[in-house]
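Q: below is the structure, and that's it, no one-letter string:
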């Protein structure tokens, strides 16, 4: 996640798990705005009454859920910042101070003499 992101939106997918068959079925997805405290149904495979019932249950615990989502969002932004900072670290190549003579074995590992390998 980009530390510059200010979208404050998340998608909540509601699924039904059949433990006997080991399968999951997507019921519907809510697009939830942490900023506006608004949710929109993105996808549904249930009838309207079932969706309304689940959304009503969601709304009853919305304050708790919103708090958890905001903490997770902040954690993700923090991780994104760390990754972004790590990408900025420059790797400095190590320079070997020892001089290689013409007749010495080449340091590249070819097994040839330096003058016939990298010393050309």
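A: That came through fine. Keep in mind it's a predicted model, so treat the numbers as computed, not measured.

Q: can we go C-alpha only for contacts and neighbour counts from here?
A: Noted.

Q: so where is the protein shaky, pLDDT-wise?
A: Scanning the chain for pLDDT under 70 picks out 1-7, 43-44, 86-97.

Q: in the sheet, who's paired with the residue nearest to residue 39 when sequence neighbours are not counted?
A: Nearest residue to residue 39 in three dimensions, chain neighbours excluded: residue 32, at 4.3 Å (C-alpha to C-alpha, 6 or more residues apart in numbering). With DSSP bridges as the criterion, residue 32 is bridged to residue 10, residue 39.

Q: residue 32 and residue 40 touch, don't they?
A: Yes: here residue 32 reaches residue 40: they are 6.6 Å apart, a contact under C-alpha atoms under 8 Å.

Q: these two: who's more crowded?
A: residue 32 (20 against 12; other C-alpha atoms under 10 Å).

Q: residues contacting that one?
A: 9, 10, 11, 12, 38, 39, 40 (C-alpha atoms under 8 Å, 6 or more residues apart in numbering).

Q: would you mind giving those as JSON lines with distance to residue 101 added?
A: Below are these laid out as JSON lines (distance: C-alpha to C-alpha, whole Å):
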{"residue": "9", "distance to residue 101": "63"}
{"residue": "10", "distance to residue 101": "63"}
{"residue": "11", "distance to residue 101": "64"}
{"residue": "12", "distance to residue 101": "66"}
{"residue": "38", "distance to residue 101": "73"}
{"residue": "39", "distance to residue 101": "72"}
{"residue": "40", "distance to residue 101": "72"}
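
Q: count of neighbours near residue 27?
A: Quick note: residue 27 (other C-alpha under 10 Å) scores 16 neighbours.

Q: I'd like the distance between the spatially most distant residue from the centre of the chain and residue 112.
A: Centroid-distance maximum for the chain: residue 103 at 51.9 Å, with C-alpha atoms, centre = their mean. Residue 103 is 9 Å from residue 112, where distance means C-alpha to C-alpha, to the nearest Å.
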